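> Okay, sequence plus prediction incoming.
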Amino acid sequence: WFANVAYSYSGRYTISASGRIDGSNYFGVAANKKNVPLWSTGFKWDIDKENFYAVNWLPSLKARITYGYNGNLDKNVTAYTTGVYQGADPFTNQPYLSITNPPNKDLQWEKTAMLNIGVDFALKKNIVSGTLEYYSKKGSDIIGENEILPSAGFIDNSTFSNIVKGNFASMKGHGWDIQLYTKNVNKGFKWSTQLLFSYTTDVVTHYGGTLYPSDLVSFGSGASGYVVPLQGKPVFGIYSFRWAGLDPATGDPRGFENDTISKDYVSLANPSKFSDIQYNGPARPKFYGSLGNTFSYKQLSLFINITYKLDYYFRRFSVNYYNLVNYYSQNKDYSLRWQKPGDEKKTQVPSFVYPTNYSRDIFYNNSSVLVEKGDHVRVQDISLGYDFDKSTCHWLPLKHVKLYAYINNVGIIWRANDHHLDPDAPIGIPSPRTYAIGLRVDF
C-alpha cells in the first residue's frame, strides 16, 4: 500500500508526506510480523518569495528538510526453519535435509532513519547556482551474524559452526553534498564550471557477532565481498599487523605481540588480542567528487572532467616467497629485498629464506608497512565536439548533427602513494584508457 500527499500554501510553503506498508511472508504470516509501515515527511520553504526578502544579488533561495524511514529485506534469512535436501544418507540410504536457516521468531525488517536538510540557491543571472545538502542516516535491526549456544542444536554444514544471521547490528552515518555551477565567461567564448563535492562517514554502533583480529585484517576492507564490522569503526576499514621493522642481523620481518617485538610468525599472523593489530583508516574515501569545465566557442566545445578521492587507505602487494617458490609468482619488490646488514636502513622488504615460511609471508603481506594512502586526483574524461545546425549550416537537411571525440580514464595527475600505484586497482591491471569517436544526428 502506498500514499503520497503534498500541500502548498501561498506559493511559499510546501508540506509533503508519504507512507507505505510493505509485507513479506519471510517474517511470518501474522499481519504484525510480515507488514512494516514506512513513511517520510518533508517541508519546503521558498524564502525568495517572502515579502521581507530583498536580496538582489541572490534572487533565488529555497530551503527544505525531510525525515523518514526506509526498510530492507534480506532474502537469505527467514523466520522459518529452512533447509536443503541433500539426497540419500550414505549409512541409512534415507533422504535427509540440512538446516540452512534455524527458526527466528524475532526476525524483523532492516530499517533506516534518514534526515536530509538542503538549500538551493542562485545568484543573479545564474552566474553561480547550486545546492548544499546535509544528511544523516541511522540503520537499526541490520542483518548480521552471531553465535548461538551449541545446545540450540544448529550447525551450519557449510562452515561447521553455530553462527546464524539475525538483527544483530546497527550503524549510523552522515555527510555533505555540494553542487556548484558557475558561468565564468559568457560571451562569444564561453566557460562554465561544475563542482561536485561529497563528504561521507559511517560508524558501526552495535554488532553482536563474534570477531577475531585476523578476520579484520583479512576481510575488513570489504574487497573480498565479506563484511566484518567492528563496533566504533567504519563498516569498511583497513586493518593490519603492527610492524616493528626488519631484523638488522637477518632481514626477517618483525611484529609486536603484547607490545613486545616478536618473530613468532604463527602467533603474529593469528593474534588473539585486538591490541596486536592496527586500524589504519577507512577503506572508502571520505571525500570525493569532481571538477568539470566546459569551454565553447561558436560550434566548438571542449569538456574536461577531473575527479578526486581523498582520506582513505589501501594495501599494496609485495613479495611472497612461498608463492615465488611454489607458483613462480614474482613481485618487483624482490629486487629491493634485504640482502646484507645495513639494508634495513633503506628497505622494508624482508630477506629471502629457504625453505620458505608461509606464516612469515602472511604476516609481512598484511603488515602496516604495506598500507598506503589512497588519495588521488585524475583526469577522468575529455570530450571534444563540433555542432552543425540549421542556423550555421543552411545546407544541412537535418535538424542537428554533432561530431565528437571522447577519452575516458585519461590518467592520474596526483597520488599520495610513492609507488606509482592506481588506488582504484592496487592489484592486477588498472582500467584501460578508452577512446571513442561518434556522430549524433537529430532528424
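Happy to help now that I have it.

> Just the CA coordinates for stretch 350-370, please, in PDB.
Written as PDB, here are the backbone C-alpha positions of stretch 350-370 (Å, rounded to 0.1, in the frame of the first residue of the first chain):
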ATOM      1  CA  PRO A 350      62.300  -8.900   4.100                       C
ATOM      2  CA  SER A 351      65.200 -11.200   3.100                       C
ATOM      3  CA  PHE A 352      64.600 -14.300   1.000                       C
ATOM      4  CA  VAL A 353      64.700 -17.500   3.100                       C
ATOM      5  CA  TYR A 354      64.600 -21.100   2.000                       C
ATOM      6  CA  PRO A 355      62.700 -23.200   2.900                       C
ATOM      7  CA  THR A 356      60.000 -20.600   2.800                       C
ATOM      8  CA  ASN A 357      57.800 -19.800   5.800                       C
ATOM      9  CA  TYR A 358      54.200 -19.400   4.900                       C
ATOM     10  CA  SER A 359      53.200 -17.600   8.100                       C
ATOM     11  CA  ARG A 360      56.200 -15.200   7.700                       C
ATOM     12  CA  ASP A 361      54.800 -14.200   4.300                       C
ATOM     13  CA  ILE A 362      51.300 -13.800   5.600                       C
ATOM     14  CA  PHE A 363      52.500 -11.600   8.400                       C
ATOM     15  CA  TYR A 364      54.500  -9.400   6.100                       C
ATOM     16  CA  ASN A 365      51.900  -9.000   3.400                       C
ATOM     17  CA  ASN A 366      49.300  -8.000   5.900                       C
ATOM     18  CA  SER A 367      51.500  -5.700   8.000                       C
ATOM     19  CA  SER A 368      51.100  -1.900   8.300                       C
ATOM     20  CA  VAL A 369      54.300  -1.300   6.300                       C
ATOM     21  CA  LEU A 370      52.300  -2.100   3.100                       C
END
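
> In that stretch, which residues are buried?
By neighbour count on 16 or more other CB atoms under 10 Å, the buried set for stretch 350-370 is 350-351, 357-358, 360-370. Using the backbone N, CA and C atoms, a C-beta is placed for each residue, glycine as well.

> Looking at those residues, which is nearest residue 22?
Residue 22 has its nearest neighbour among these in residue 366, at 42.2 Å by CB to CB.

> confidence score at the closest one?
On the pLDDT scale, residue 366 is placed at 96.

> who's in contact with it?
The contact partners of residue 366, taken as CB atoms under 8 Å, 6 or more residues apart in numbering, are 217, 218, 240, 241, 269, 315.

> what about the helices in the stretch 201-350 of the chain?
Listed in chain order, the helices of the stretch 201-350 of the chain (DSSP state H, counting those that start in this stretch) span 213-219, 265-268, 321-327.

> out of those, nearest to residue 201?
Across these, residue 201 has its closest neighbour in helix 213-219 (18.7 Å, CB to CB).

> Show me what the closest one is packed up against.
Judged by 3 or more CB pairs under 8 Å, 6 or more residues apart in numbering; DSSP states H and E, helix 213-219 is in contact with strand 237-241, strand 277-282.

> Farthest-apart pair in the contacts of residue 366, please.
Spatially, the most separated pair among the contacts of residue 366 is 269 and 315, at 14.9 Å (CB to CB).

> Can you report phi and psi for the residue nearest to the spatial centre of the chain?
Centroid-nearest residue in the chain: residue 284, 4.8 Å away (criterion: CA atoms, centre = their mean). Dihedral angles of residue 284 (phi, psi; degrees, to the nearest 10) stand at phi -120, psi 140.

> ok, and the closest non-adjacent residue to it?
Distances taken as CB to CB, 6 or more residues apart in numbering place residue 236 nearest to residue 284, at 5.3 Å, with adjacent residues excluded.

> if we can go back for a sec, so can I have JSON lines of the helices of the stretch 201-350 of the chain showing mean neighbour count?
Shown next, in JSON lines, are the helices of the stretch 201-350 of the chain (neighbours: other CB atoms under 10 Å):
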{"stretch": "helix 213-219", "mean neighbour count": "18"}
{"stretch": "helix 265-268", "mean neighbour count": "18"}
{"stretch": "helix 321-327", "mean neighbour count": "15"}
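
> who does the longest strand belonging to the chain pair up with?
Determined from DSSP state E, the single longest strand within the chain is strand 163-186. Here strand 163-186 is paired, per DSSP bridges, with strand 128-147 (antiparallel), strand 189-207 (antiparallel).

> what's next to stretch 92-101, contact-wise?
With CB under 8 Å, 6+ apart, stretch 92-101 has contacts from 76-78, 80-89, 154, 156-157, 164-165.

> make it 6 Å
Residues outside stretch 92-101 that contact it (CB atoms under 6 Å, 6 or more residues apart in numbering) are 78, 82, 83, 84, 85, 86, 88, 89, 157.

> and if you look at stretch 138-149?
Contacts of stretch 138-149 (CB under 6 Å, 6+ apart): 74, 77, 108, 110-113, 162-165, 167-172, 207-210.

> do stretch 409-429 as well
314, 316-317, 372-379, 382, 430-431, 433.

> Please spell out which residues along that stretch are buried.
409, 410, 412, 415, 417, 421, 422, 423, 426.

> now do stretch 224-235
Buried residues in stretch 224-235 (16+ other CB under 10 Å): 227, 228, 229, 230, 233, 234, 235.

> go on, stretch 92-106?
For stretch 92-106, a neighbour-count test (16+ other CB under 10 Å) marks 101, 102, 104 as buried.

> Using CSV, lay out the residues you listed together with pLDDT and secondary structure.
What follows is the buried residues of stretch 92-106, written out as CSV (pLDDT from 0 to 100; DSSP: H, G, I helix; E, B strand; the rest coil):
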residue, pLDDT, secondary structure
101, 82, strand
102, 84, coil
104, 84, coil
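
> Looking at those, which is nearest residue 397?
Nearest to residue 397 among those, with distances taken as CB to CB, is residue 101, at 65.1 Å.
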